[in-house]
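Visitor: test case, fold it:
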Amino acid sequence: MDYQVKQIAKALDAEVFGDGDIVVSGVAEPSQATSTDIALALDAKYAADLSEGKAQVAMLWPGADWQAMGLRAAIVAPRARFALSGLSAMMDPGQSAPSGVHPTAVIESSATLGKEVSIGPFCYIAKDAVIGDNAQIGAQCYIGNSAQLGRDARLREAVKIGARVTIGDRFVAQPGVVVGGDGFSFVTPEVSAVEQVRESLGEERGDLNAQSWSRIHSLGSVTIGDDVELGANSCVDSGTVRDTVIGNGVKCDNLSQIGHNVQIGNDCLICAQVGIAGSARIGNNVVLGGQTGISDNVFVGDHVITGGATKVLSNVPAGRVMLGYPAIKMDQHIETYKALRRLPRLFQDVKKLQKAVLKPTGKN
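Guide: Predicted structure coming up:
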């Protein structure tokens, strides 16, 4: 799509310098930009690459000398990376979803479709399902019985939404997302070895007779708020009795797993391969770094941040920054790691001291 530079600047609440009438149609890195692209030089360290491309226009950092860079125009925003969010939305060509319902799609007669809905090839919309206005349902998607999907939803290929799932407006699901699978909940006829280990921390194993596992069925479903995004192949399990709940504005990366009965607050960021075990509660504005694991039934307070591969085994108060396995405050973890690296030298020093102390003294 073509835009004048001044149109883009106005939409981003940014300042335009130079010729605002120049028309651009794409976005590129500085060294690869053509004459019709906006080059992204959001930091001074990228400015040198502009000479390798052919950009006439660039998005720059505040105070940049755009004329010295040989540009004809520049867009400058107080927080350039935030402006990039709006710019990328304007320039995104999307998935080119065809309008209307594809002839291979199967839609039960009791399902309700909103206005301007797009349903791709080989989709199935089950009975009593409700699809909001302007939703785009990609190829091979499944929407279960009585599921509700809000307006402006964007479902990529092969997304599966289970029965009775309720999802708010502007939901985005990348390929392979599954919402509403059964929770991983099983029980043995007698107290299991796992339960004994949790009670004794492994000191006593108790009776080790084999037992079979019986399924606890998921009678609840999933409730998801507005403006939620789920990354490719991520999963949200149904609750056992009550619903699993995800608040407004939550963003999940690829391969994240949210277990049964989990409650997640608003505006959380859940990075790739995060696993949240059953009945855990996550507060608002929490950021879970990649491969973070949250144990079952723990509480993570508002504004908590975890570093990559952190394993949270107990409650975390609001505002903490955590790292490690088991998770401790990040500054403590780093100091502990530094001390660990010093151990070989410390052992050498101890050996030298031992030799000095135990060395036989000469006879008088």
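
Visitor: and for Gln196, the neighbour number?
Guide: Using other Cβ atoms under 10 Å, Gln196 has 16 other residues around it. C-beta here means a position set from N, CA and C on the backbone, and glycine is covered the same way.

Visitor: how about Ile107?
Guide: There are 19 residues near Ile107, going by other Cβ under 10 Å.

Visitor: got a list of what the residue lying closest to it once chain neighbours are set aside touches?
Guide: Spatial nearest neighbour of Ile107, chain neighbours left out: Ile125 (4.3 Å); criterion: Cβ to Cβ, 6 or more residues apart in numbering. Shown in contact with Ile125 (Cβ atoms under 8 Å, 6 or more residues apart in numbering): 105-108, 111, 113, 119, 131, 137, 143.

Visitor: one more: Pro175?
Guide: 138, 156-159, 232-233.

Visitor: most surrounded residue in the residues you listed?
Guide: Highest neighbour count within the contacts of Pro175: Val159, with 27 neighbours (other Cβ under 10 Å).

Visitor: quick check: that residue touching Val172?
Guide: No: using Cβ atoms under 8 Å, Val159 is not in contact with Val172; the gap is 10.0 Å.

Visitor: can you redo the contacts of Pro175 as a markdown table with pLDDT?
Guide: Below are the contacts of Pro175 laid out as a markdown table (pLDDT from 0 to 100):
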| residue | pLDDT |
| --- | --- |
| Gly138 | 96 |
| Arg156 | 97 |
| Glu157 | 97 |
| Ala158 | 98 |
| Val159 | 98 |
| Ala232 | 98 |
| Asn233 | 98 |
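
Visitor: what helix or strand is Arg81 on?
Guide: Using DSSP states H and E, Arg81 maps to helix 80-91.

Visitor: one step back: between the contacts of Ile125, which is closest to Gln67?
Guide: Ile137 (48.6 Å; Cβ to Cβ).

Visitor: tell me, how many residues neighbour the closest one?
Guide: There are 29 residues near Ile137, going by other Cβ under 10 Å.

Visitor: likewise for Asp237?
Guide: Neighbours of Asp237 using other Cβ under 10 Å come to 27.

Visitor: what's the spacing between Asp43 and Leu60?
Guide: Applying Cβ to Cβ, to the nearest Å, the value for Asp43 to Leu60 is 9 Å.

Visitor: the two: who's more crowded?
Guide: Leu60 (26 against 12).

Visitor: contacts only, for that one.
Guide: Applying Cβ under 8 Å, 6+ apart to Leu60 gives the contacts 41-42, 47, 66, 74-76, 80.

Visitor: could I get those in CSV, plus columns for pLDDT?
Guide: Below are the contacts of Leu60 laid out as CSV (pLDDT from 0 to 100):
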residue, pLDDT
Ala41, 95
Leu42, 93
Ala47, 92
Trp66, 95
Ala74, 97
Ile75, 97
Val76, 96
Ala80, 89
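
Visitor: that older thread, list residues touching both of Asp43 and Leu60?
Guide: Common contact partners of Asp43 and Leu60 (Cβ under 8 Å, 6+ apart): Ala80.

Visitor: chain neighbours aside, what residue packs nearest to Val187?
Guide: Spatial nearest neighbour of Val187, excluding adjacent residues (Cβ to Cβ, 6+ apart): Ser214 at 5.5 Å.

Visitor: what's the burial count for the one you found?
Guide: 10.

Visitor: kind regards, and thank you for your time.
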